[in-house]
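**Q** Quick one, structure for this:
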Amino acid sequence: MTDTAARLLRLLSLLQMPREWPGSELAERLGVTDRTVRRDVDRLRELGYPVVAAMGATGGYRLTAGSALPPLVLDEEEAVAVAVGLRVATGQAVAGIEDASVRALTKLEQVLPAPLRRRVRTVGSAVAVRVGDGPTVDPEVLTVLAAAVTNRERLRFGYRDAAGTVSRRHAEPRGVVASGRRWYLVAYDLDRDAWRSYRADRVEDPRATGARIATRELPAADPADYVAGRRTDWGTPEYRAEVSIDAPLARVAGRLGEEPGTLVADSATTCRLTGTRDDDPAWLAARLATLGVAFRLHDTPELAAHLRDIAARLTDALTPPHR
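**A** Numbering: from 1, shown residues only. Reported below is the predicted structural model:
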């Protein structure tokens, strides 16, 4: 790295601190003249960094928010903190954040030095975040899948089906999709000569081969649309849900999962859940039981069975032990 480039990175690192820097202090820290500082600030502005200067005895330079996001400079501790945070965020049930977290984590881990990557994995493995009863995915798996998509590389991985049988797959990845409470890999299966969607929580030991993928037409507008139309590939049985709930729609919304299924208001004080769902009926039964309001099932045997099981366990818990 040239002296000028190294100095610009150092200057940028200083300006990213939330304070105003007198030019003389910056010059002293960088070991240059005030004139060189002014030239370096002009270079940063040309690169898109919004550096403003305040005149006067108490004036100085500071970095402000701009109309575009320029590259950030992180020190080692900051890089580890951001990477660990992104690994945790990949499993959060916050709409829209999962995909962005995986993309950002993929970019960051590709440039982290090996010692920092090890620190991120060590810290990340010690952080436990409970976000629900759905299947969990190792962020390491997600970043490998996402990197293969970005780099247009073929993948080899083990895949465990609903019965627990593991088979080896050789595929050309097209996209990684967060849908509902699950992650999916959309890829062209080279051995089966067909497009497939794989549940990421069933993907084991994925490895990019380095071989470039071919140009193929996906039978959908994009990977997300393909996943939405391929529920039979997911290995999760569908069931019909129809539940009347004695609570306003606003109180229930967001507490019973995402699509498929429709939650509508029946009145100002009641609502109804209807539609075909592809999640685990035990998950929905548990959510209904914790709403804290009365509800009634309508011809939903899968939910009824799990609610009976919950009721039996609660009854057992309240039964005094025999002496």
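**Q** And the helices in this protein?
**A** Secondary structure of the chain (DSSP state H): helices at 3-15, 23-30, 34-46, 76-89, 97-111, 114-126, 139-151, 223-228, 249-252, 281-289, 301-318.
**Q** Tell me which of those is the most buried.
**A** Mean neighbour count (mean count of other Cβ atoms under 10 Å) peaks for helix 139-151 among the helices of the chain, with a mean of 22. All C-beta spots, glycine's among them, are computed from the backbone N, C-alpha and C.
**Q** In a markdown table, list the helices of the chain along with distance to residue 158 and mean pLDDT.
**A** Putting the helices of the chain into a markdown table (distance: least, Cβ to Cβ, whole Å; pLDDT from 0 to 100) gives the following:
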| stretch | distance to residue 158 | mean pLDDT |
| --- | --- | --- |
| helix 3-15 | 42 | 80 |
| helix 23-30 | 52 | 90 |
| helix 34-46 | 48 | 89 |
| helix 76-89 | 22 | 66 |
| helix 97-111 | 20 | 67 |
| helix 114-126 | 20 | 65 |
| helix 139-151 | 11 | 82 |
| helix 223-228 | 21 | 83 |
| helix 249-252 | 40 | 87 |
| helix 281-289 | 26 | 83 |
| helix 301-318 | 30 | 87 |
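**Q** Residue 200: which of the ones you listed is closest?
**A** helix 139-151 (6.2 Å; Cβ to Cβ).
**Q** closest to residue 239 out of the helices of the chain?
**A** helix 301-318 (4.3 Å).
**Q** rewinding a little: can I get the helices of the chain in TSV including distance to residue 192?
**A** As requested, those are exported to TSV (distance: least, Cβ to Cβ, whole Å):
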stretch	distance to residue 192
helix 3-15	48
helix 23-30	59
helix 34-46	52
helix 76-89	32
helix 97-111	26
helix 114-126	33
helix 139-151	18
helix 223-228	16
helix 249-252	42
helix 281-289	30
helix 301-318	31
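**Q** Just to check, residue 170 is in contact with residue 188?
**A** No - in this structure residue 170 lies outside contact range of residue 188 using Cβ atoms under 8 Å: 9.9 Å.
**Q** neighbour-wise, which of the two wins?
**A** Neighbours of residue 170 and residue 188, each counted by other Cβ atoms under 10 Å, are more numerous for residue 188; the result is 19 against 16.
**Q** quick one: the more buried one and residue 195 touch, right?
**A** Yes - Residue 188 is within contact range of residue 195, at 5.5 Å (criterion: Cβ under 8 Å).
**Q** still on that earlier bit, and residue 270, which of the helices of the chain is closest to it?
**A** The nearest among the helices of the chain, by Cβ to Cβ, is helix 249-252 at 8.6 Å.
**Q** which residue sits closest to residue 167, ignoring its sequence neighbours?
**A** Once flanking residues are discounted, residue 167 sits nearest to residue 159: 5.7 Å by Cβ to Cβ, 6 or more residues apart in numbering.
**Q** Oops, could you answer that again for residue 63 instead?
**A** With Cβ to Cβ, 6+ apart as the criterion, residue 63 has its nearest non-adjacent residue at 4.2 Å, and that residue is residue 15.
**Q** got the contact list for residue 60?
**A** By Cβ atoms under 8 Å, 6 or more residues apart in numbering, the contact set of residue 60 is 20, 21, 22, 23, 25, 53, 54.
**Q** List buried residues within these.
**A** Among the contacts of residue 60, those scoring as buried are 20, 21, 22, 23 (criterion: 16 or more other Cβ atoms under 10 Å).
**Q** Can you check the pLDDT for the third one?
**A** It stands for residue 22. pLDDT for residue 22: 89.
**Q** ok, it to residue 29 distance?
**A** Distance from residue 22 to residue 29, counting by Cβ to Cβ, to the nearest Å: 11 Å.
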